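Q: Sequence first, then the predicted structure:
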Amino acid sequence: MANFIKDQVVFRGAGKFRLVRVQEDIAQLENIVTGELSSHSEADLLEEYVRGYLRTVNSRQYQRPPMRNTFKDALEAAIPPAKQGDFETRRRVNYLVALDRMDAFKGPRSALCQATQKVAGDLDDAKPPHVTTIYRWRARYLVAQFDVRALLDRTDLRGGKGQSRLDNVVEGIVQDKIETAFLNSKRGTAEDVYNAVFLEIQRLNTTRIESEWLKFPGLRTIQRRIGSINAFDRAVARYGEREAQRRSADQSCARKVSRILEIVEIDHTPIDLIYTDAEGRAIDRPYLTVVLDRFSRCVLGFCISSAGHGVHAVFEALRHSMMPKSYLSERFPELLLEWPCHGWPERLLMDNGREFHAHAVVDALTNLGVTCEYAASRDPNDKPFVERFLRTFNYSFIHKLPGTTLAKVHQRIGFKSEDEACITFEQLNEMVHVWITSAYHLRPHKGLSGRAPIDVWKESAVAFPPALKCNAEDLSIEFGDVDERPIQHYGIDFNTFTYVSAEVLTLRRMLPAKQKVQIKAPYENVGLIWVWDPINSTYIRAANSDEQYNNLTLEQAKALKREYAKSDPHQRTRANGEEMIREKANEAMQSKKLKARKQGARLAHTTSKSANRPQPATSEPQIVVPPAMFTSDADELSEFEVESVSTEVNHEK
C-alpha cells in the first residue's frame, strides 16, 4: 500500500487513528482514544478519502488570502439593485426607437396601432401601451428637445399612497385615541378606537358651524393606522418591555455541540395518561423526568414517578442516564432491546425549577464533576431539544394509548379518561422502554439531517467514548439529601430520627468539640445515612436506631409515626407498621377523588424504580407497594434515591 505509511495519523470522521501495519492491501488502524483496532482495505480507505470522510490532517492547510476591505468596496456593496422604474424607462425608449425606425408616426393612427402590436411581439410584452400613451411619450420627448430624461418613470412621486387625506385635527384625534384606547389596553380593538374617535369628533362638531364640521374617518382607515404601527413599539405599549424583547428576539439556532455528552438537558412533564392498579382502578397521572443528549438527541435516562417530580425524580433520572442499561436483557428478555446510551455529561442544562436549584442537586453534581448550567428565564430557545422531545413523547406516543387525557381539557370530548384507563404502571414503564429504544432512537430525525439518533450516538462514541467516572456505590451516596449535623454522644439527629454506628462514635472523639460533619441522606431509605469522615476522606455508614423504618421513604416514615400516635398500642403493635402504610395507601388509591388517589400514590412512593429496590433481610419489616412497579434502573444500589418532604411539590390538575 503505497498510499499510506506505518504510524501515519489519519482522521476518520471525528475520530483520530494511527496506522499500525499494512499487509496485502489491508491496513490496520488503531483508535488513539480507545485503542480499538480495525482492519480496512486500501480501496475503502481511498474511497473515504475522496468523499472527505478520511483526512490526513484535521484542519485545512491552505486558505485563501483575506479579502480587501476598502471604502470603495463597501460603497459598491451598498448600491441597491436596479428598481422597477429603470425597467419601465427602458421599455418606453425601446418602443419609441422601434416605432421611429418603422416611420410609424408618419402614417395614420391605425398604422401606429398595428406597428405597436408588432413591436410588442418583438419585445415579448404581454401588455403593450395604448396608442394615446405612445403619443404622450413622444410629445414629452420632443418638448424636452430629445432629452431621454423626459421618459423617466416617476411613479414614485405620485401622491396619495402612504399620505393622509384626513384633516390635521382629525388625524391628531385618531393618533391620540390609538394611544389611549388601543396601545394602553391589553384587549383594545380597532372598533374601540373608532368609537372613541367618533365621540370626540361629534363633541368638537357641536362647537363648530355646519360648514366647518369635521368628517368622520372610516373603520378601515383606523385599521390601516393600527396596522402601520411598529411591531416592537406596539408590543412594548401593550405587553411591556420584557415581553416585547422576547417576541422580537432573534430565534436563531441553539448553542452548537460537537460531541455526545457535551451538553445534556433535563426536564419534567406530566404524562397525558392515567394508569390503573391490578384491579383496573384509575390511579393517577404520573410525571416523566427525562435526560436528553443534545448532540445525538438520544434519551440517556428517565424516571416515571407518581411521588412528585422533586429532587428524588431528578436523582433517579440522572442515575439511570449515567449507568449502563444492563438490566434490559433480564427484565425484557423477549424484546431484545438495545440501549447503549450512558455516561457522565460535561454540562447539565436545567431550567429554574426549585428542585434543580436544590443544594443536594448542586452538591452532588459538583462532586461528580458535572457542571450545573441553568437556562435563561423565559428563553425557550436555550433548552429546546428536551422540550421538543417531551411534546413528541406525549403527542406521538401517549395520546394514542387508552386512558390518555390528551393535552387540553377542551379536547376531551365524548370520553372520560378514567373510564378508558386500562394500562398499569408496570405496563406503562415497559411501553416507554420499547418506544424509546425501538421507535424514537431508530426513526430519522429532521434535526440530524435525516439520520437516526442511535446512529449519531454510536458514531460519536467511537471518537468520544462515554466514561464511568466513579463506582456505583459512590454514585448512590452522592444522590442524597445533603446537610450538616453535630455528632452527639448517642449519634446524629436528622429528620426526627437518630443514626448511630461505632465508626461515627469513634469519629466524634477525633474531632473538635461541637464540630459539625456533612451527611448524605438517601431519599428512598430513612434507615441509614452517610457521614463524611474529614480525616480519612471517606463516607461512614450510620444506621437508623429504629430498624422498623428501614427501606421506607421519609414521607412513609412520618405517616407511620402519625399512625402510631393515633392508634391504640394494645391493638396495633410496632411489628405491623408496613401493613398500616399499605392499608392507608390502598384506601387512598381506591377513592373516587383524584386528589386522594394522588396522595395514596405518593405515600406508596410509586416510581419507575421502586420494584427493583433490594429486598431487606426477613427480620426487617418492609413496605409492600401495591401493583408491581417497574424500575427504569436495575442497579442493586437503587435504594438510596428518594424524595424528601422538604423538596416535594404537590401538583394537582
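A: Received the coordinates, thanks.

Q: Go ahead and confirm Ala467 touches Glu346.
A: No - judged on C-beta atoms under 8 Å, Ala467 makes no contact with Glu346 at a distance of 10.7 Å. All C-beta spots, glycine's among them, are computed from the backbone N, C-alpha and C.

Q: Those two: who's more crowded?
A: Glu346 (16 against 9; other C-beta atoms under 10 Å).

Q: Can you give me every residue that contacts the more buried one?
A: 261-264, 370-371 (C-beta atoms under 8 Å, 6 or more residues apart in numbering).

Q: Switch the residues you listed over to TSV; also include neighbour count and secondary structure.
A: Listed next are these as TSV, based on neighbours: other C-beta atoms under 10 Å; DSSP: H, G, I helix; E, B strand; the rest coil:
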residue	neighbour count	secondary structure
Leu261	28	coil
Glu262	17	coil
Ile263	23	strand
Val264	28	strand
Val370	19	coil
Thr371	12	strand
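
Q: and of those residues, the nearest to Ala126?
A: Taking C-beta to C-beta as the measure, Ala126 lies nearest Ile263 of those, at 56.7 Å.

Q: Show the contacting residues for the nearest residue to the closest one once chain neighbours are set aside.
A: Leaving aside its sequence neighbours, Ile263 sits nearest to Arg294 (C-beta to C-beta, 6 or more residues apart in numbering; 4.4 Å). Shown in contact with Arg294 (C-beta under 8 Å, 6+ apart): 254, 257, 262-265, 349, 385.

Q: Lowest-confidence entry in those residues?
A: Scanning the contacts of Arg294 for pLDDT, the low point is Ala254. It has 76.

Q: and that residue, how many neighbours?
A: Residues contacting Ala254 under the criterion other C-beta under 10 Å number 17.

Q: Go ahead and confirm it touches Pro384.
A: Yes - Ala254 lies in contact with Pro384 (C-beta under 8 Å); the separation is 5.4 Å.

Q: So which residues make contact with stretch 143-158?
A: If you take C-beta under 8 Å, 6+ apart as the criterion, stretch 143-158 is touched by 85-86, 88-89, 92-93, 96, 137, 140-141.

Q: who wins for neighbours among those?
A: Arg92 (21 neighbours).

Q: give me phi/psi at that residue?
A: phi -60, psi -40 (degrees, to the nearest 10).

Q: I'd like to check which residues are in contact with Cys372.
A: 347-348, 350, 361-362, 365-366.

Q: Could you provide those residues in TSV, with additional columns for pLDDT and neighbour count?
A: Shown next, in TSV, are those (pLDDT from 0 to 100; neighbours: other C-beta atoms under 10 Å):
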residue	pLDDT	neighbour count
Arg347	95	16
Leu348	96	23
Met350	94	21
Val361	95	21
Val362	94	13
Leu365	94	21
Thr366	93	12
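
Q: ok, so of the residues you listed, who is nearest Leu552?
A: Closest approach between the contacts of Cys372 and Leu552, by C-beta to C-beta: Val361, at 22.6 Å.

Q: so that closest one is in which element?
A: Here Val361 sits within helix 359-367, counting by DSSP states H and E.

Q: what helices or strands is that helix leaning on?
A: Counting by 3 or more C-beta pairs under 8 Å, 6 or more residues apart in numbering; DSSP states H and E, the packing neighbours recorded for helix 359-367 are helix 311-322, strand 371-374, helix 472-478, strand 480-486.

Q: farthest-separated two in the contacts of Arg294?
A: Across the contacts of Arg294 (C-beta to C-beta), the longest gap, 13.5 Å, separates Ala254 and Val264.

Q: circling back to that earlier point, from the contacts of stretch 143-158, which is closest to Gln202?
A: When the contacts of stretch 143-158 are ranked by distance to Gln202 (C-beta to C-beta), Gly85 comes first, at 44.3 Å.

Q: Tell me the confidence at that closest one?
A: So Gly85 comes in at 52 (pLDDT).

Q: Relative to Leu406, which of the helices and strands packed on helix 359-367 is closest?
A: Leu406 lies closest, by C-beta to C-beta, to one member of these: helix 311-322, at 23.4 Å.

Q: wait, what's in contact with Ile26?
A: Ile26 neighbours (C-beta under 8 Å, 6+ apart): 39-42.

Q: what's next to stretch 215-228, contact-wise?
A: 166-167, 170, 174-175, 178, 182, 190-191, 193-194, 197-198, 201.

Q: now with 6 Å?
A: For stretch 215-228, contacts defined as C-beta atoms under 6 Å, 6 or more residues apart in numbering pick out 166, 174, 190, 193-194, 198, 201.

Q: What about the spatially closest residue to Tyr539 that is not a sequence neighbour, how many residues nearby?
A: Once flanking residues are discounted, Tyr539 sits nearest to Trp530: 4.3 Å by C-beta to C-beta, 6+ apart. As a burial measure, Trp530 scores 23 neighbours (other C-beta under 10 Å).

Q: From Ser228, how far out is Asp192?
A: In this view, Asp192 and Ser228 are 18 Å apart by C-beta to C-beta, to the nearest Å.
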